[in-house]
Each structure stands twice: as C-alpha cells, then as structure tokens.
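> Here you go, sequence then predicted model.
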Amino acid sequence: MTSFLIVLAVFIIIISIALGFFVLIQESKGGGLTSNFAGSNQIMGVRKTTNIVEIITWSLAGLIFVLCLACAFICKSEYNDIHQQAQPTEQAEE
C-alpha cells in the first residue's frame with residue numbers, strides 16, 4: 001500500500017504543476033470589484049465563460065482534491081491496521 005501512496009503523491013505533484021501552468025495561461029478577468037458591476041456579458045456579477053482553459057483548471061483542481069482525499073483515507077486505514085496489530089502484543093506483555 002505504501003508504494004500506492006507514493007504513486008498517488010507523484011500524480012498529485014504532476015497535476016499541481018499542470019494546474020499552475022493552466023492558471024498562468026488563463027486570460028485575466030481583471031478589474032477587481034469595480035468591473036463586476038459593468039459589462040454586457042455578466043449576469044448578477046458573474047461572467048459567462050466557456051473557456052476550455054478554465055474548464056481544465058477546475059477539472060485539475062477537482063482531481064487534486066479527490067486524490068488528496070484518497071491519500072487521506074488510505075493513510076488512515078494503514079494507520080489503523082498497524083495499531084490494531086500492535087495492540088495485542090502490548091496487552092500480552094502487561
């Protein structure tokens with residue numbers, strides 16, 4: 001299981017680098033809060049965007065989230081397995 005965690009960690013690092021790249025190549029929305037109230041392609045202050053780069057960015061962020069959750073659950077189960085195996089030996093010594 002430990003090698004599987006290493007593979008997941010490597011995937012998270014690679015995806016994080018790709019996410020940084022896609023964030024840097026996105027078009028700047030710019031303007032801050034003042035520009036949110038002006039513009040023809042806005043509805044309630046939110047711009048309509050169907051940019052493929054933005055879709056890839058959100059997908060990579062979601063993938064990192066899922067992989068981090070998977071790592072956390074695997075680490076927790078390994079931790080519980082190790083401590084459950086160690087408890088009977090500690091109780092037998094007492």
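Thanks, I have the structure now. Numbering: from 1, shown residues only.
> helices or strands up against the lengthiest helix in the chain?
Criterion DSSP state H: the longest helix present in the chain is helix 52-93. With contacts taken as 3 or more CB pairs under 8 Å, 6 or more residues apart in numbering; DSSP states H and E, helix 52-93 sits against helix 2-25. C-beta here means a position set from N, CA and C on the backbone, and glycine is covered the same way.
> Show me what the helix it packs on is in contact with.
With CB atoms under 8 Å, 6 or more residues apart in numbering as the test, helix 2-25 has contacts from 53, 56-57, 60-61, 63-64, 67-68, 70-71, 74-75, 78.
> Buried members of the residues you listed into ChimeraX, please.
Buried residues among the contacts of helix 2-25 (16 or more other CB atoms under 10 Å), as a ChimeraX selection:
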select :56,57,60,64,67,71
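> Could you dump the contacts of helix 2-25 into TSV and include distance to Ile17 and pLDDT?
Shown next, in TSV, are the contacts of helix 2-25 (distance: CB to CB, whole Å; pLDDT from 0 to 100):
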residue	distance to Ile17	pLDDT
Val53	16	86
Ile56	13	91
Thr57	13	92
Leu60	10	96
Ala61	13	96
Leu63	13	96
Ile64	11	96
Leu67	14	95
Cys68	15	94
Ala70	19	91
Cys71	17	91
Ile74	22	88
Cys75	23	86
Glu78	27	74
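> farthest-separated two in the contacts of helix 2-25?
Across the contacts of helix 2-25, no pair lies farther apart than Val53 and Glu78, at 37.3 Å, counting by CB to CB.
> if we can go back for a sec, turn the contacts of helix 2-25 into a markdown table, columns for distance to Ser28.
Shown next, in a markdown table, are the contacts of helix 2-25 (distance: CB to CB, whole Å):
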| residue | distance to Ser28 |
| --- | --- |
| Val53 | 12 |
| Ile56 | 17 |
| Thr57 | 13 |
| Leu60 | 19 |
| Ala61 | 18 |
| Leu63 | 24 |
| Ile64 | 23 |
| Leu67 | 28 |
| Cys68 | 28 |
| Ala70 | 33 |
| Cys71 | 33 |
| Ile74 | 38 |
| Cys75 | 38 |
| Glu78 | 43 |
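> Pretty sure Val53 sits against Leu60.
No: applying CB atoms under 8 Å, one finds Val53 not in contact with Leu60, separated by 10.6 Å.
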